[in-house]
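S.K.: What shape does this take:
(chains A, B, C and D)
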Number of protein chains: 2
Amino acid sequence: MHNETATADAAPILVALLGALERRRTDPNPRPTTNKREFILEVARQLMIEKGMAALTIRGVARAAGMSPGNLGYHFPSYDALVDELLKWVLTPYLEEFDRLRDAAGGTPLDRLRAVMNFVLEDLANRDTTLFFPELWVLANRDDNAKHHMEKLYTGYVGALEELIREARRDLSDEAVTNLAWLICATIEGQTVFVGAERPQAARRDALRELTLNTLVRAVVEA
Amino acid sequence: MHNETATADAAPILVALLGALERRRTDPNPRPTTNKREFILEVARQLMIEKGMAALTIRGVARAAGMSPGNLGYHFPSYDALVDELLKWVLTPYLEEFDRLRDAAGGTPLDRLRAVMNFVLEDLANRDTTLFFPELWVLANRDDNAKHHMEKLYTGYVGALEELIREARRDLSDEAVTNLAWLICATIEGQTVFVGAERPQAARRDALRELTLNTLVRAVVEA
DNA sequence: CATCAAATAGTACAGTTGACCTAGTTTCTG
DNA sequence: CAGAAACTAGGTCAACTGTACTATTTGATG
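M.R.: Purely as a prediction, here's the structure:
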């Protein structure tokens, strides 16, 4: 009764974790060899979200994952490698989604721009998102690898915005397009701090989303 | 030669710290009894900014201030007390400045609104600000006292915005005014992460400030 | 069933660090 | 000079760090 599966003898939180893993797995060709790795990454993600970067240690992750530190070392050769893979694991789906929304068929460029903005505005209401991203911003202040991942994320995000703005407003200069894109990015990310999950102004979230969407679309149209 | 003043035998950084202290002291009636406390708070502030909350420890502050941990315990009875006073020390000047700008004589309400926004947009270019506030946002996720200070700060900030918006647009509902104020707050705070000091898009800061100012003022005028 | 590599546990290393406390010393002030 | 304020040194005790190493279990293949 001590060595069945990770699900069986692990803490209750792990059941929820496996659920989250399942939700994340959109890949139609599951790669069994990476299953355990992904499980660990998911545990690490939850730990970082629940307890902050200070609690994200080899031992802490191992404990939360119900395995020994030695075994975790087998899957991830070092702490830095673990963090690196964790950031990839969390951020890659966002980049994929930005690409998908940018290239989506149907609707005007302005509709698609609105869709990208709406995606982020709705995502920031998730507790995981509300807690994860500020943690990333702070981490990136002192960790070059985190900074790299952060830049990659926002470059992809803003790149998608730029392309859609350009399509909508072919008369604007590249500079004007880029400035608008960063304005949109900063405006929306800033809301994480104030109307994210369980934030003081969370009740205002939907109203603020509409106001934001209208204000930013108008900024693009009337630039 | 071992006990002259804190300036003499302390690390070079301390000289700069005392400079910062001097800049901060706008009080025409210096309170000598609090000098050493303020010195410690200033050291703690710098430490938090340079190395992050993880480095803000009793020992760390004592080392950076060139004193023994025991002596630091004399001035601040506990770690929590130190952090509490540190947050007050950093945030109070902002609240005072918001009040000052809100009540400033001369100019239309819209001018004063613009002045408040401009103050924050320019402040976020300071390296200290760029690094301090994200740290505060993360800290507030897991520390109730920090959360309290953060709410107090933004309540004051948004309160000032609300009053100025209301003066400029007496026809708007309270709800509309509040939503506009939080939109402004989130929009501007979000820029810290992207065009703050030494950030990848810092070169875009001035252009983005103008765009932000115009966009937000228009949002208020045309709401 | 035997084999063998992958996976896993356990633990030792070699420190570091944390907040807090106590007893004693210096410095300042009236 | 007395007494208060400011300060130092040293220590307590508990917890934790990443990593390396060995020994064991597991699971699939032949």
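S.K.: my guess is residue A:195 meets residue A:204, correct?
M.R.: Yes: if you go by CB atoms under 8 Å, residue A:195 and residue A:204 touch, sitting 5.9 Å apart. In short, each C-beta sits where N, CA and C put it, glycine included.
S.K.: Compare neighbour counts for these two and give me the winner.
M.R.: Ranked by neighbour count (other CB atoms under 10 Å in any protein chain shown), residue A:195 and residue A:204 place residue A:195 first, with 25 against 19.
S.K.: Please name the nearest non-neighbouring residue to that one.
M.R.: Leaving aside its sequence neighbours, residue A:195 sits nearest to residue A:205 (CB to CB, 6 or more residues apart in numbering or on different chains; 4.1 Å).
S.K.: before we move on, back to that, pull up the overlap in contacts between residue A:195 and residue A:204.
M.R.: residue B:182 (CB atoms under 8 Å, 6 or more residues apart in numbering or on different chains).
S.K.: Which of the helices or strands spans the residue of chain A at minimum distance from chain B?
M.R.: Using CB to the nearest CB, the point where chain A gets nearest to chain B is residue A:190, with a distance of 2.3 Å. Residue A:190 is located in helix A:174-195, with elements delineated by DSSP states H and E.
S.K.: Convert the helix or strand following that helix to PDB, retaining C-alpha atoms only.
M.R.: Next helix or strand after helix A:174-195 toward the C-terminus (DSSP H and E): helix A:205-221. Provided in PDB are the C-alpha atoms of helix A:205-221 (Å, rounded to 0.1, in the frame of the first residue of the first chain):
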ATOM      1  CA  ARG A 205     -13.500  43.100 -13.500                       C
ATOM      2  CA  ASP A 206     -16.200  42.700 -16.100                       C
ATOM      3  CA  ALA A 207     -17.100  46.400 -16.200                       C
ATOM      4  CA  LEU A 208     -13.400  47.300 -16.400                       C
ATOM      5  CA  ARG A 209     -12.900  44.700 -19.200                       C
ATOM      6  CA  GLU A 210     -15.600  46.400 -21.300                       C
ATOM      7  CA  LEU A 211     -14.200  49.800 -20.600                       C
ATOM      8  CA  THR A 212     -10.700  48.700 -21.400                       C
ATOM      9  CA  LEU A 213     -11.700  47.000 -24.700                       C
ATOM     10  CA  ASN A 214     -13.600  50.000 -25.800                       C
ATOM     11  CA  THR A 215     -10.900  52.500 -24.800                       C
ATOM     12  CA  LEU A 216      -8.100  50.500 -26.500                       C
ATOM     13  CA  VAL A 217     -10.000  49.800 -29.700                       C
ATOM     14  CA  ARG A 218     -10.900  53.400 -29.900                       C
ATOM     15  CA  ALA A 219      -7.200  54.300 -29.400                       C
ATOM     16  CA  VAL A 220      -6.400  52.100 -32.400                       C
ATOM     17  CA  VAL A 221      -9.100  53.400 -34.600                       C
END
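S.K.: Now helix A:205-221: average pLDDT?
M.R.: Average pLDDT, helix A:205-221: 98.
S.K.: Give the buried residues for it.
M.R.: For helix A:205-221, a neighbour-count test (16 or more other CB atoms under 10 Å in any protein chain shown) marks A:205, A:207, A:208, A:209, A:211, A:212, A:213, A:215, A:216, A:217, A:219, A:220 as buried.
S.K.: Other residues contacting it?
M.R.: If you take CB under 8 Å, 6+ apart as the criterion, helix A:205-221 is touched by A:110, A:113-114, A:117-118, A:121-122, A:125, A:165, A:168-169, A:180, A:183-184, A:187-188, A:191, A:195, A:201, B:175, B:179-180, B:182-183, B:186, B:211, B:215-216, B:218-219, B:222.
S.K.: Please apply the same query to stretch A:83-94.
M.R.: A:24, A:37-38, A:41-42, A:44-45, A:48, A:56, A:76, A:132, A:136, A:143, A:145-146, A:149, A:152-153, A:156-157.
S.K.: tell me the average confidence for that stretch?
M.R.: 97.
S.K.: Give me the contact status of it with DNA strand C.
M.R.: No: using CB under 7 Å from any atom of the strand, stretch A:83-94 stays clear of DNA strand C, with a minimum separation of 14.9 Å.
S.K.: Residue A:130 versus the residue of chain A closest to chain B, what's the distance?
M.R.: 12 Å (CB to CB, to the nearest Å).
S.K.: who has more neighbours, the two?
M.R.: Taking other CB under 10 Å, residue A:190 and residue A:130 do not tie; residue A:190 has more neighbours (25 against 22).
S.K.: wouldn't residue A:125 be in contact with residue A:196 here?
M.R.: Yes: assessed by CB under 8 Å, residue A:125 is found in contact with residue A:196 at 6.7 Å.
S.K.: So which of the two has more stuff around it?
M.R.: Higher neighbour count among residue A:125 and residue A:196: residue A:196, with 23 against 19, using other CB under 10 Å.
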